[in-house]
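Q: following is a predicted model, sequence given first.
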Amino acid sequence: MKIKAQISMVMNLDKCLGCHTCSIPCKQVWTNRQGAEYMWLNNVETKPGIGYPKKWENQEIHKGGWLGNDKDLRLRSGGRLKKFAGIFHNPDLPRIDDYYEPWTYDYELLVSSPAGQRQPTARPKSSITGRHIEIDWGPNWEDDLAGANETALDDVNFSGLEKEVYLKFKDVFMFYLPRICEHCLNPACVASCPSGALYKRDEDGIVLVDQERCRGWRYCVSGCPYKKVYFNWAKGRSEKCVFCYPRIESGLPTLCAHSCVGRIRYIGVILYDADKIKPAASTSNDQEVYKAHLEIMLNPHDADVVFEARAQGIPETFLIAAQKSPVYKLAVEWGLAFPPHPEFRTLPMVWYVPPLSPLIAGWEGSETDIAKSDFMRIPFKYLANLLSAGEETPIRFALKRLMALRKWMRSLRVDHKPNYQTLDEAGITGPMADEMYRILAIAKHDDRFVIPTTKRADSENMYNDRGTLGFPTKS
Amino acid sequence: MGSLFQKLAFQVFPYIALTVFVVGHGYRYYADFYQWNSRSSELIDRDSLKVGITMFHWGIIFTFFGHFFGLLTPQDFLNKLGITSEIHEFVALYTGMLFGTMAFVGLLILLKRRLLKPRVHAASSTNDVIVLILLVFVVFVGTYNSYVKRFDVLYTIAPWIRGIVTLTPDQSLMNPVPWSYKIHILLALTLLGFSPFTRLVHIWSIPVTYFLRPYISFRRRFVDIP
Ligand code: HEM
Ligand code: SF4
Ligand code: SF4
């Protein structure tokens, strides 16, 4: 058993407002530079839709992630030799138009135009060429289903569903999907980098691009199945979400999580067994990868695990944080959160609690047993395709628990008659219900974020070091 | 003997170029490692890149190896292996024609793209364009020589180059060499000296270690966590 600690996140999609507040501080701190204008290390997509970059989930096109068959685990885009021989032109690299051509406006004209008959206008112009452009795609083009009747036909999560039906106005559904880098346990970006510039930090699992060693071979960009490594076109280097590591090291949440208006984001430590990564990732049945992923995660309350972790040098602060981790509770103890597209086999570590949704239009039956019928607007199959490789059982189980919790609270607060039956049916105990309510509904800062500080052995004077971390801005 | 020009060009200049090449790379590596890369423009214009970049690179890489082994290996040694100077010349000329043409056509496509594709043009530095133009000249003259001039280099240029490498330069060997060859050499030396200050530094970062390392790399940020 090789124990490692991972800083990970859960996002509760049930509460995301789609306000994009998370994207703003991230943009302002990390990507407000030339060459990075088009990068949204945190972006919020409306589902159904093809997202940013276009069709990122479709690996037939983008060739990201891994293929596995119990014995063997290979990069979908090909092994070392193929990459080496084709290094001059990476056929799987997205085009910038798949994200969007970054643009700004002729704001200057608004104040400098001479007086005239008409209002001056600020035409859009490309941030790359400086020429005027027509805008026909952008970072959030499908916001609130805009144009989804056409684009969402290509959403892979409709597989096994009659997508045309769900894109009719009467039956349409939607929810938001905020996305950051998954800081995977088996990161395909790291594996794809010929120079070894990408790495996973041993102490907290954050995946970074070493800006000094990136030679711009751009295989990480195509290797990541979530398309969360971006290529800086002005500098010729790759950049990605850094999980706000300078903040994390000081015990502060990431900017996206800290600013989240819906308070949907949780950050905590997970202990896992690094020896089991390869077997788990190569599980041949797509639908079993999620289970294998869960099994890698170690129970931080287990005395053997704690003993072994101490012996292997996991700091005490990390152990304590792991025991109080909201991520562990949501993902493992309560079974409420799921990894996006586990079939990509990178073992992602930013998980999602699936959203509840209203009854479907014209629902006649009184049957609202989740195990038996599909009465919610968002088809369970759709959520399962997104979060558990199409296997509906765990998703239904999680939604059942979320519903039970609501019914339970209503019975307490509105009816003043505690309805124990609903809790029993969902396998929730009284104390568990209290804690779930506290963490999911109240979601105080300290319950959402349990982050150990990292001891900075190399820093003599922190004051002098300020502003030195992150992406190099000059040269 | 030879003129002053000849001495400067084939006895002094090669060492200046080589010194700048070595010191320049060292300087670049330590002073400017954030820019030590190929400045890929694939993201902003992928479709126009494929043919040109592939032809150019395979062409130039084989040409590079051809020059390296063809010129640095003494003919006497090859004779012992049974490779006569006729065979040597034959191989050198025809591979030179093939790969030189590949590289040249590739370069023209790349240059056209760099100047005419608006996004690529906007993202280019003057330096990027100069490198391409210099390469066009070097490759053009070299390939022209292999098609048209076909001068016997084995007992002239080749020993001169070996003399440079072994620090026993003898510029008189260059006396009978035609001007088109001399121009090729001088342009190539200029490119060599200029290369540390361009995107060409990417050549020395061929990622061979990819074959040796495990797929997933871990690194510690803080070495001594107590
Ligand atoms: C030895 C292994 C080499 C590798 C792995 C390599 C790789 C690359 C890569 C990945 C690019 C970027 C293509 C893009 O995405 O825009 C590139 C561009 C370039 N390489 Fe190389 N290269 C090698 C050798 C060379 C050599 C020997 C030369 C010339 C002497 C050369 C000259 C160039 C030039 C001029 C460009 C820019 C082309 C343009 O205008 O876009 N490379 N190379
Ligand atoms: S999600 Fe992040 S860690 Fe995972 S493969 Fe993509 S860039 Fe790498
Ligand atoms: S800030 Fe929070 S609620 Fe708003 S879009 Fe981002 S994740 Fe959703």
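A: Nice, I can see it. Residues are numbered from 1 along each chain as shown, chains lettered A, B, ... in the order given. Ligands and ions are numbered 1, 2, ... in the order given.
Q: what number of residues lie near the closest residue to A:I3 other than its chain neighbours?
A: The shortest distance from A:I3 to any residue other than its chain neighbours is 4.7 Å, reached at A:A309 (C-beta to C-beta, 6 or more residues apart in numbering or on different chains). Every residue, glycine included, has its C-beta placed from N, CA and C. Around A:A309 there are 23 other residues, counting by other C-beta atoms under 10 Å in any protein chain shown.
Q: ditto for B:F68
A: Look at B:F68: counted by other C-beta under 10 Å, it has 10 neighbours.
Q: what's the helix or strand for it?
A: Using DSSP states H and E, B:F68 maps to helix B:50-72.
Q: if you count contacts, what does that helix end up packed against?
A: Contact here means 3 or more C-beta pairs under 8 Å, 6 or more residues apart in numbering or on different chains; DSSP states H and E; on that basis helix B:50-72 packs against helix B:85-116, helix B:126-144, helix B:157-165.
Q: buried residues of the helix or strand just after the longest one, list them for me.
A: Counting by DSSP H and E, the next helix or strand C-terminal to helix B:85-116 is helix B:118-122. Using 16 or more other C-beta atoms under 10 Å in any protein chain shown as the test for burial, helix B:118-122 gives B:119-122.
Q: point out where the stretch 351-475 of chain A drops to low pLDDT.
A: The model of the stretch 351-475 of chain A has pLDDT under 70 over residues A:365-368, A:455-462, A:465-468, A:473-475.
Q: make CSV out of the helices and strands packed on helix B:50-72 and add mean pLDDT and mean neighbour count.
A: Shown next, in CSV, are the helices and strands packed on helix B:50-72 (pLDDT from 0 to 100; neighbours: other C-beta atoms under 10 Å in any protein chain shown):
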stretch, mean pLDDT, mean neighbour count
helix B:85-116, 95, 17
helix B:126-144, 97, 18
helix B:157-165, 94, 18
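Q: closest to ligand 2 out of these?
A: Ranking those by proximity to ligand 2 (C-beta to the nearest ligand atom) places helix B:126-144 first, at 28.3 Å.
Q: show me where the stretch 151-300 of chain A has its helices.
A: Here the stretch 151-300 of chain A has its helices, by DSSP state H, counting those that start in this stretch, at A:163-166, A:188-192, A:219-223, A:245-249, A:255-259, A:277-281, A:289-296.
Q: mind listing what the closest residue to ligand 1 within the stretch 151-300 of chain A touches?
A: Ligand 1 sits closest to A:W217 of the stretch 151-300 of chain A, with a gap of 5.8 Å, by C-beta to the nearest ligand atom. Contacts of A:W217 were listed using C-beta atoms under 8 Å, 6 or more residues apart in numbering or on different chains, and they are A:87, A:90, A:193-195, B:38, B:40, B:207.
Q: B:I185 too?
A: B:I185 touches B:10, B:157, counting by C-beta under 8 Å, 6+ apart.
Q: quick check: which element contains it?
A: Per DSSP H and E: B:I185 is located in helix B:179-194.
Q: ok, A:T422 next?
A: Going by DSSP H and E, A:T422 is in helix A:420-425.
Q: so what touches that helix?
A: With C-beta under 8 Å, 6+ apart, helix A:420-425 has contacts from A:400, A:404, A:407-408, A:411, A:429-430, A:433.
Q: ok, those residues vs B:T190, which is closest?
A: Using C-beta to C-beta, the shortest approach to B:T190 within the contacts of helix A:420-425 belongs to A:K400, at 73.9 Å.
Q: look up how far B:A188 lies from the spatially closest residue to B:V105 that is not a sequence neighbour.
A: Once flanking residues are discounted, B:V105 sits nearest to B:M55: 5.9 Å by C-beta to C-beta, 6+ apart. According to C-beta to C-beta, to the nearest Å, B:M55 and B:A188 sit 20 Å apart.
Q: assign A:R74 to helix, strand or coil.
A: strand (DSSP: H, G, I helix; E, B strand; the rest coil).
Q: okay, now the closest residue to it other than its chain neighbours: neighbour count?
A: Of all residues not flanking A:R74 in the chain, A:L67 sits nearest, at 5.2 Å (C-beta to C-beta, 6+ apart). Number of residues near A:L67 (other C-beta under 10 Å) recorded here: 16.
Q: what mean pLDDT does the one helix or strand A:E308 maps to have?
A: According to DSSP H and E, A:E308 maps onto helix A:303-311. For helix A:303-311, the mean pLDDT works out to 97.
Q: any part of the helix or strand immediately after it in the chain near chain B?
A: Following helix A:303-311 in sequence order, the next helix or strand is helix A:316-323 (DSSP H and E). No - Helix A:316-323 lies out of reach of chain B by C-beta under 8 Å from any C-beta of the partner chain, never closer than 9.7 Å.
Q: hang on, the earlier thing: what about B:M55 and B:A188, which has more around it?
A: Neighbours per residue, other C-beta under 10 Å: of B:M55 and B:A188, the larger number sits with B:M55, 22 against 19.
Q: the more buried one touches B:A103, doesn't it?
A: Yes - between B:M55 and B:A103 there is a contact at 7.2 Å, judged by C-beta atoms under 8 Å.
Q: excluding chain neighbours, what is closest to B:D47?
A: The nearest residue in space to B:D47 (C-beta to C-beta, 6+ apart) is A:R95, at 7.6 Å.
Q: let me fix that, I meant to ask about A:F231.
A: Closest residue to A:F231 apart from its sequence neighbours, by C-beta to C-beta, 6+ apart: B:L43 at 4.7 Å.
Q: and A:L161, by the same measure?
A: Counting by C-beta to C-beta, 6+ apart, A:L161 lies nearest to A:K381, which is 5.4 Å off, once chain neighbours are set aside.
Q: run the chain-centre distance for the host helix or strand of the one you found.
A: In the assignment (DSSP H and E), A:K381 maps to helix A:380-387. With C-alpha atoms, centre = their mean, to the nearest Å as the basis, helix A:380-387 stands 15 Å off its chain's centre.
Q: burial measure for the one residue in the stretch 251-400 of chain A that gets nearest to chain B, as a count.
A: Here the stretch 251-400 of chain A gets closest to chain B at one residue, A:P315, 5.9 Å apart by C-beta to the nearest C-beta. Residues near A:P315, counting by other C-beta under 10 Å, number 18.
Q: and for the one 3 residues further on?
A: A total of 25 residues lie near A:F318 under the criterion other C-beta under 10 Å.
Q: that one and A:V450 touch, don't they?
A: No - under the criterion of C-beta under 8 Å, A:F318 is not in contact with A:V450, lying 10.6 Å apart.
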